[in-house]
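Peer 1: With the input below, show me the fold.
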Amino acid sequence: MNQYFLSFLFLLISTFVSAESVKSGGGTTSRQTGSNAYSMPASNLELMKRLDFSVGNSFFRNPWVSAPASTDARDGLGPIMNTNACQGCHVKDGRGKGKEAGDQNAITMLIRLSIPATTSEQQQALIKQGSIGDPTYGGQLQDMAIQGIQPEGQVQIDYSYHHVAFEDGFEIELRTPTLSVSDLNYGPMHQDVMLSARVAPAMIGLGLLETISAQDLLNNADPDDTNNDGISGKINYVWDIEKQQTRIGRFGWKAGQPTLMQQNAAAFAGDLGLTSRLFLSDDCTEKQSDCKQAAHGGTHEVSDNILDFVEFYSQHLAVPARRDINNPQVVAGKKLFEQANCNACHVESYTTEKRPDRLALSEQKITPYTDLLLHDMGMGLADHRPEFLANGQEWRTAPLWGLGYQKEVNGHTFLLHDGRARNILEAIVWHGGEAEQAKQKVLAFNDSERQALLKFLNSL
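Peer 2: The predicted structure is shown next:
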């Protein structure tokens, strides 16, 4: 009788441990699978707050229209833009694919533009802007426009290919993108313009990342590599428009935004051409007179109320639960992940800060697999374009949670900042710089070890 009781107790404890360990987002974690796996509200969000989530979702998902319009809550689109709705880039709240040959527009991808800061005035502007935009086309290329206005130009991407071999002879093909811009409607770009493609990232768990303490991020930073492990993650200090001060950057491919509120407002301004209290003017330069004279939807086309709803929505998109965590191949894959020292940058777990105004996000044990720090990823991934303290070879560590759901949500497995990697293994092999040693360890894996590593990453 006692033996049966102990067996039952062991089974109960094992089940409890498994149930807890699947919750990448703590109490916010969703059990939703399939195409809506990234679109669910935090599971611990109280019922009345789910209405705020739904309202924010409507402004995130539904198209905006040009002004003037009878729908004055959603007018003011453009004059130049990349899409007419947030969901246009973050399809089903997921990851963009980028531009492929034959695509008319770079729908789920945008192109950042900047020039070197050569004057004292430009150097000073870097403190608040992070980069200096092209004199004619600004900081972002808009390849769409409202009726009567010319878009700025069209993005072209060509690929060259090369092969990388593992120690056991297995080869993988990598593709290197080359960016260019055609059909420029406002004259030539600056001769030293720098182009950087950025694919829309998944929206899950962003509020939890925002609630990781600054001290936790500082504890993981080692900009001078004082422990001599070859990993020198650093914080990107960026300008907070609301606070009017420098703060830790967390969001964007180079951690160029400090808060979700500012990230969202910047996307409204750059991607949809919508002004707000954070970004007061359309993204039209002095050389784009028609753009500047076009009708607009009022002083703040995105009202403070809408900004608040969209912030709440983006903060509370749930991370889907892990799957197959007790699979022996997954368990072995995690050990290989740690053996290769991938977890030096893709830090597994945190406990979020106490946050009385966002109870669902408060004091949650989460496993995002990121340090939110900048790392030199080598020349292979370099865009040669600085952003605040990030140089042209540095990128923020991407969170890995929810990775295994990408195919069923977005229909593809493209990864990295410009979508060049067509699957997880390609993304790993693109790692260089601080991640070179880790990559070399992975290149030494045999087929069964590769499959175990991929099984683990797809379990996240």
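Peer 1: Do a quick rundown of the helices in the stretch 101-250 of the chain.
Peer 2: Secondary structure of the stretch 101-250 of the chain by DSSP state H, counting those that start in this stretch: the helices cover 120-129, 206-210, 214-220.
Peer 1: Serialize the ones you listed to TSV and add fields for distance to residue 272.
Peer 2: In this view, the C-beta of every residue, glycine as well, is placed from N, C-alpha and C. Listed next are those as TSV, based on distance: least, Cβ to Cβ, whole Å:
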stretch	distance to residue 272
helix 120-129	20
helix 206-210	19
helix 214-220	30
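Peer 1: Return the helix or strand in the chain with minimum mean pLDDT.
Peer 2: One helix or strand of the chain scores below all others by mean pLDDT, DSSP states H and E: helix 2-21, with a mean of 48.
Peer 1: Going by neighbour count, list what's buried in stretch 439-446.
Peer 2: 439, 442-443, 445 (16 or more other Cβ atoms under 10 Å).
Peer 1: Residue 33 contacts residue 320, doesn't it?
Peer 2: Yes. The criterion here is Cβ atoms under 8 Å, and residue 33 meets it with residue 320 at 6.9 Å.
Peer 1: Give the residues shared as contacts by these two.
Peer 2: Common neighbours of residue 33 and residue 320, using Cβ atoms under 8 Å, 6 or more residues apart in numbering, are residue 405.
Peer 1: ok, the most centrally placed residue in the chain - contacts?
Peer 2: A centroid search over the chain (Cα atoms, centre = their mean) returns residue 201, at 3.5 Å, as the residue closest to the centre. Residue 201 is in contact with 90, 95-96, 253, 398, counting by Cβ under 8 Å, 6+ apart.
Peer 1: rerun at 6 Å
Peer 2: Contacts for residue 201 (Cβ atoms under 6 Å, 6 or more residues apart in numbering) come out as residue 95.
Peer 1: just residue 182 next, same as before
Peer 2: 154, 156.
Peer 1: run the last query once more with 7 Å
Peer 2: Going by Cβ atoms under 7 Å, 6 or more residues apart in numbering, residue 182 touches 153-154, 156.
Peer 1: what do you get for residue 187?
Peer 2: So residue 187 contacts 136, 287 (Cβ under 7 Å, 6+ apart).
Peer 1: Against residue 134, how distant is it?
Peer 2: Residue 187 sits 11 Å away from residue 134, going by Cβ to Cβ, to the nearest Å.
Peer 1: Residue 253 is in contact with residue 395, isn't it?
Peer 2: Yes. Residue 253 lies in contact with residue 395 (Cβ atoms under 7 Å); the separation is 6.0 Å.
Peer 1: for the stretch 1-150 of the chain, which spans come out with low pLDDT?
Peer 2: In the predicted model of the stretch 1-150 of the chain, residues 1-20, 101-106 satisfy pLDDT under 70.
Peer 1: To what extent is residue 229 buried, counted in neighbours?
Peer 2: 12 (other Cβ atoms under 10 Å).
Peer 1: Tell me how many other residues crowd the closest residue to it other than its chain neighbours.
Peer 2: Leaving aside its chain neighbours, residue 229 sits nearest to residue 344 (6.8 Å; criterion: Cβ to Cβ, 6 or more residues apart in numbering). Using other Cβ under 10 Å, residue 344 has 21 other residues around it.
Peer 1: what do you get for residue 183?
Peer 2: Residue neighbour count, defined by other Cβ under 10 Å, stands at 12 for residue 183.
Peer 1: Isn't it up against residue 152?
Peer 2: No. Between residue 183 and residue 152 there is no contact under Cβ under 7 Å: 8.9 Å.
Peer 1: rewinding a little: which one, of the helices of the stretch 101-250 of the chain, ends up nearest to residue 416?
Peer 2: Closest to residue 416 of the helices of the stretch 101-250 of the chain is helix 206-210 (Cβ to Cβ; 18.8 Å).
Peer 1: just to revisit the earlier point, give me the common contacts of residue 253 and residue 395.
Peer 2: Residues touching both residue 253 and residue 395 (Cβ under 7 Å, 6+ apart): residue 417.
Peer 1: SS state for residue 380?
Peer 2: At residue 380, secondary structure determined by DSSP: H, G, I helix; E, B strand; the rest coil is helix.
Peer 1: Give me the pLDDT for the residue nearest to it when sequence neighbours are not counted.
Peer 2: Once flanking residues are discounted, residue 380 sits nearest to residue 432: 4.9 Å by Cβ to Cβ, 6+ apart. Residue 432 carries a pLDDT value of 98.
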